[in-house]
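Colleague: Give me a 3D structure for the following:
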Amino acid sequence: MAAPSLPGVSYVMPVYNEAAYIDDAIASVLAQVYDGDQELVLALGPSTDGTSERVARLAATDDRIRIVHNPEMAIPIGLNRAIRAARHDVIVRVDAHTELDPDYTATAVATLTRTGAASLGGLMVASGRSRFQSAVARAYNSRLGLGGGAYHGSAVEGPAESAYLGIMRRAALVEVGLYDEGLRRGEDWELNFRLRSAGHVVWLDPALRVTYWPRDTWAKLVRQFVATGIWRGELVRRHGGRHPLRYFAPPALVIASAASLVVLVLQLAGVLSGPAAIVLGLVHLAPVAYLLLLLGLLVAPSSGRALDDRATFALVIATMHVSWGAGFLRGVVVGARDAVDRSRTES
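Modeller: Now for the predicted structure:
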């Protein structure tokens, strides 16, 4: 029987085309060692890879699993539907690409109670199966890959800017209006921004660790990071400079690289010469320094990894930065409009 002193927990999970991961994701939720009431509410999109059938079979065998349909395939819309359908006061967001440690919920509820936070998150620990996915996971876990966000590496417990996935108090979510359904990426950051603006505490507890399986092909990675960059640019349009400086490094690299290419062409054509060529030529320093950084990743034998693994990692880092930076510039200049992440809908 459920311990009456522990709050009930509703896990909410948006799901679309996740046949390769959904069984393990659901199993990690159902295996939580927690004595309070629990349920899993899946916001199910119209999958084309057999995910819907897998979910239906699992739901038929376990009454803790409930399904709400999400025909728009938009994550914030699906999350809001799941939250509205949820029965309990603690909302735990889970993604179909993630797996929870068995004590995740018990630790999270204890920290939520101890801190009084409205939103709580832990660390994303990326992992990979193939060489490429493993390289992407290394990039996620590296300060170089995603700019050192607190939940991507070792961190100190305390107040945070945002919360990865999030263990949240339902009352606080309702107070601020749930997720912004007009967003397609960056919905976690934006929600936590509104929670902080309303006077609530957002908290990071490094004892909470979530295994994350990143995209497993170049094309999917590019589509994901372009879309993420576009929506981050949209958020900058909405909220101005209330973002960490790390978000501006990739677009600065893209701008500097484009300017360097233009200057190089003009120099080779003889249009630029003399002092002007020297001064404008300083723009070459940024892309050259970046190429040297990538070369350092390639030749560094201290990593103990094979040359193929180091080369894949260096190219993954560059792919992330350039895709995200280019998307960010589009989002800032023209807004996100109807941009969506098609990394799950296209091979």
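
Colleague: quick one: the residue of the chain most remote from its centre from Leu282, how far?
Modeller: Distance to the chain centre peaks in the chain at Gly274, reaching 47.0 Å (criterion: C-alpha atoms, centre = their mean). Counting by C-beta to C-beta, to the nearest Å, the separation of Gly274 from Leu282 is 14 Å. Bear in mind the C-beta positions are built from the backbone N, C-alpha and C, glycine included.

Colleague: before we move on, what about Asp63?
Modeller: Applying C-beta to C-beta, the value for Asp63 to Leu282 is 66 Å.

Colleague: cool, Ser273 as well?
Modeller: With distances taken as C-beta to C-beta, Ser273 is found 15 Å from Leu282.

Colleague: Now do the helices in the stretch 151-300 of the chain.
Modeller: With DSSP state H, counting those that start in this stretch, the ranges of helices along the stretch 151-300 of the chain come out as 170-176, 187-197, 218-239, 249-268, 274-280, 285-299.

Colleague: For Gln38, which non-adjacent residue is spatially closest?
Modeller: Closest residue to Gln38 apart from its sequence neighbours, by C-beta to C-beta, 6 or more residues apart in numbering: Val9 at 5.1 Å.

Colleague: If you tally nearby residues, what's the number for that neighbour?
Modeller: Look at Val9: counted by other C-beta atoms under 10 Å, it has 25 neighbours.

Colleague: what's near enough to touch it?
Modeller: Val9 makes contact with Tyr34, Gly36, Asp37, Gln38, Glu39, His88, Val90, Ile91, Val92, Thr105, Val109 under the criterion C-beta atoms under 8 Å, 6 or more residues apart in numbering.

Colleague: just Val254 next, same as before
Modeller: Val322, Gly325, Ala326, Leu329.

Colleague: so who does the second one touch?
Modeller: This means Gly325. Gly229, Ala249, Pro250, Pro251, Ala252, Leu253, Val254.

Colleague: Next: the first one.
Modeller: Each residue near Val322 by C-beta under 8 Å, 6+ apart is listed here: Pro250, Leu253, Val254, Ser257.

Colleague: one step back: out of the contacts of Val254, which sit inside helices?
Modeller: Val322, Gly325, Ala326, Leu329 (DSSP state H).

Colleague: Which ones among the contacts of Val9 map onto helices?
Modeller: Per DSSP H, the subset of the contacts of Val9 in helices is Thr105, Val109.

Colleague: for the least confident helix or strand in the chain by mean pLDDT, the distance to its chain's centre please.
Modeller: When each helix and strand of the chain is scored by mean pLDDT, DSSP states H and E, helix 143-146 comes last, with a mean of 80. Chain-centre distance of helix 143-146: 13 Å, with C-alpha atoms, centre = their mean, to the nearest Å.

Colleague: Packing partners of that helix?
Modeller: On a contact count with 3 or more C-beta pairs under 8 Å, 6 or more residues apart in numbering; DSSP states H and E, helix 143-146 meets helix 131-141, helix 307-334.

Colleague: Quick check: which of the ones you listed is buried the most?
Modeller: Burial of those is given as mean neighbour count (mean count of other C-beta atoms under 10 Å); helix 131-141 ranks first at a mean of 22.

Colleague: Could you list every helix and strand in contact with that helix?
Modeller: Helix 131-141 sits against strand 119-126, helix 143-146, helix 307-334, with contacts defined as 3+ C-beta pairs under 8 Å, 6+ apart.

Colleague: Adding distance to Leu298, write those out as TSV.
Modeller: TSV is the format used below for these (distance: least, C-beta to C-beta, whole Å):
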stretch	distance to Leu298
strand 119-126	21
helix 143-146	13
helix 307-334	5
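
Colleague: Can you tell me which of the ones you listed has the worst average pLDDT?
Modeller: Across the helices and strands packed on helix 131-141, helix 143-146 has the smallest mean pLDDT, namely a mean of 80.

Colleague: Return the set of buried residues in it.
Modeller: By 16 or more other C-beta atoms under 10 Å, the buried positions in helix 143-146 come out as Gly145, Leu146.

Colleague: and the residue nearest to Gln38, bridged to which residues?
Modeller: Residues in a beta bridge with Val9, per DSSP bridges, are Gln38, Val90.

Colleague: Show the pLDDT at Val247.
Modeller: For the record, residue 247 is Tyr, not Val. We have a pLDDT of 85 for Tyr247.

Colleague: where exactly do the strands run in the stretch 1-150 of the chain?
Modeller: With DSSP state E, counting those that start in this stretch as the criterion, the stretch 1-150 of the chain has strands at 9-15, 38-44, 65-69, 90-93, 98-100, 119-126.
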